[in-house]
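> got a predicted structure here, sequence first:
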Amino acid sequence: MEDENLLSQEEMEAIGLEPDQVLVLKRCFDGFADEDGAIPADNVGGILAMMGMKVKPSALREIIEEIDEDGSGLLEFGEFCQLAAKFLVEEDEEALKKELKEAFRIYDKECNGYISTDTLKEILRELDNKLTEDDLNNIIEEVDEDGSGTLDFDEFMEMMAG
């Protein structure tokens, strides 16, 4: 397979990228890399912006210093993936938080800032109709740590995001 030599399974897991993301990054990297197979660190901000990633210059500089271990000012493919992963993973988390906040608002009909554990049971039943009453009670017990009978957004997010 073509992507065998891109990154090892361990490298992908350590960085937190999926194989298809690595392939996209490789195509992008190859479009900008010089003949030695590296990208000048100064060009990385523009490349990430073209890929739709918003990056503050100060944050980018910090990450490049951390990743460019040999201090060459050039990023090889593995280093480029490490850098891009930091922004891809962050954006995924932001998107997830936004979606969960929207879902939470829908169920928090009175806008109290919390949902009842009964409401949570309804949500869980909708997500998985195979859950028994015992399963539901165990889940509630786990997430409603203070036994208040309610879940605020942070508790809800922690449960949904794992």
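Now that the structure is in, tell me what you want to look at. Keep in mind it's a predicted model, so treat the numbers as computed, not measured.
> show me the contact partners of the helix or strand where Asp30 lies.
Assigned by DSSP states H and E, Asp30 falls within helix 19-32. With C-beta atoms under 8 Å, 6 or more residues apart in numbering as the test, helix 19-32 has contacts from 3, 6-7, 12, 17, 39, 43, 47, 50-51, 77, 80-81, 84-85, 88. Just so you know, the C-beta spots here come from the backbone N, C-alpha and C atoms, and that holds for glycine as well.
> distance from the chain centre to the longest helix seen in the chain, please.
Ranked by residue count and defined by DSSP state H, the top helix of the chain is helix 77-107. On the basis of C-alpha atoms, centre = their mean, to the nearest Å, helix 77-107 sits 4 Å off its chain's mean C-alpha point.
> stretch 40-47 too?
22 Å.
> now that stretch: buried residues?
Of all the residues in stretch 40-47, those buried under the rule 16 or more other C-beta atoms under 10 Å are Ala41, Val44, Gly45, Ile47.
> with pLDDT, secondary structure and distance to Gly113 added, can I get those residues in TSV?
Listed next are the buried residues of stretch 40-47 as TSV, based on pLDDT from 0 to 100; DSSP: H, G, I helix; E, B strand; the rest coil; distance: C-beta to C-beta, whole Å:
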residue	pLDDT	secondary structure	distance to Gly113
Ala41	87	helix	44
Val44	85	helix	41
Gly45	84	helix	39
Ile47	81	helix	41
